[in-house]
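In: Just the structure for this:
(one chain, ligands or ions: 1)
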Amino acid sequence: MRIGRVQVLGFMFGMFVCSILLAFLRHGADPDSAHPRLKVVYLVLSDVTPQAEFSEGARRSMVAAQRWYFDELKSGVTFALADPVVEPVRTRHPEGWYSLAGRGRDREALWRTAMEEAFAMTGGAYYDSRYIWVCFLDADLPEIPPQGGGGVALLLRQDILNQVGLQPSCLTMGAIAHELGHAFGLPHPPDCDSHKKSDGEPECASISYLGSYHFPYARFQPEEREQLLRNPAFIQIEPEAARVECSR
Ligand SMILES: [Zn+2]
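Out: Residues are numbered from 1 along each chain as shown. You can find the predicted model right below:
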């Protein structure tokens, strides 16, 4: 039997529909790919001794951040945590290599270098459908601030040290909440960044701006909360911690 062109096209179209249906079913069956969970990567440099207590400290911080977002969004939702939450990873380079990459204060260069290494060691990516990545690079670069965006946050040694102990410092918790906001897609309030509005206005007191220095008391603005609620990471779950705790 000769197969006509129309039949071939019909068969190809059928295969196409089937593959879409299969992809949809797979996606639906795997909650991880629909709702990324929070995962911490502890980047231990090749010549640095890891902080033995950091993994437990960071887990406590993420549990506190999970609770804070739950309380803040007031919609019965927050992000889920990966299991285990913290993954320590030994990097291929010593501390001096990262200092050179950051040239002391080049935040963008350090971001590119650190994220390239973190993704190479973990298989992670920007806008990863499985995880929101919170990376801690154990390098002493005091002039480079924490950063976030594209489903990823990056913090450095001072914030690592601030989580070793009984409770995380509120300053570091503020930095984590703020950078997570960037990871979830929030920018700084534009009028605050451009100084059209003064620092005293409510917009600029948001956790997305100066409020990050007043954790846990600062809030998001209503439109920021709405934007967060559209992010697939936020799901109906009960937070692990009963309350947010941090020390001043
Ligand atoms: Zn920021």
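In: Touching, Trp68 and Ala177? I think so.
Out: Yes - applying Cβ atoms under 8 Å as the test, Trp68 and Ala177 come out as touching, 6.0 Å apart. (Glycine included, C-beta is placed from N, CA and C.)
In: Name the residues contacting each of these two.
Out: In terms of Cβ atoms under 8 Å, 6 or more residues apart in numbering, Trp68 and Ala177 are both contacted by the residues Phe215.
In: burial count for Ala64?
Out: By other Cβ atoms under 10 Å, 25 other residues sit near Ala64.
In: Who's the closest spatial neighbour of it, skipping the chain neighbours?
Out: Excluding its sequence neighbours, the residue lying closest to Ala64 (Cβ to Cβ, 6 or more residues apart in numbering) is Val244, at 5.0 Å.
In: so how far is Asn231 from the one you found?
Out: 20 Å (Cβ to Cβ, to the nearest Å).
In: Name the residue in the two with the higher neighbour count.
Out: Between Val244 and Asn231, counted using other Cβ under 10 Å, Val244 has the larger neighbour count: 22 against 17.
In: ok, now which ones touch the more buried one?
Out: Applying Cβ under 8 Å, 6+ apart to Val244 gives the contacts Ala64, Arg67, Trp68, Asp71, Met173, Pro216.
In: nearest to Ser208, of the residues you listed?
Out: Trp68 (13.8 Å; Cβ to Cβ).
In: Look up the closest residue to that closest one, ignoring the ones flanking it.
Out: Closest residue in space to Trp68, ignoring its immediate chain neighbours: Val244 at 4.8 Å, by Cβ to Cβ, 6+ apart.
In: ok, and that neighbour, which helix or strand is that part of?
Out: Counting by DSSP states H and E, no helix or strand carries Val244.
In: can you pull the contacts of Arg103?
Out: The contact partners of Arg103, by Cβ under 8 Å, 6+ apart, come to Ala109.
In: Quick one: classify Gly148 as helix, strand or coil.
Out: Assigned by DSSP: H, G, I helix; E, B strand; the rest coil, the conformation of Gly148 is strand.
In: Was I right to think it contacts Leu180?
Out: Yes - in this structure, Gly148 is within contact of Leu180 by Cβ under 8 Å, at 6.7 Å.
In: quick check: domain ranges of this protein?
Out: Structurally, the chain divides into domains by automatic domain parsing as follows: 1-34, 36-235.
In: Out of those domains, which one sits most buried?
Out: Comparing the domains of the chain by mean neighbour count (mean count of other Cβ atoms under 10 Å), domain 36-235 comes out on top with a mean of 18.
In: remind me, longest strand of the chain?
Out: In the chain, taking DSSP state E as the definition, the longest strand is strand 81-90.
In: for it, the distance to its chain's centre please.
Out: Taking Cα atoms, centre = their mean, to the nearest Å, one finds strand 81-90 lying 13 Å from the centre of the chain it belongs to.
In: Packing partners of it?
Out: When contacts are defined as 3 or more Cβ pairs under 8 Å, 6 or more residues apart in numbering; DSSP states H and E, strand 81-90 sits against strand 37-44, helix 54-73, helix 107-122.
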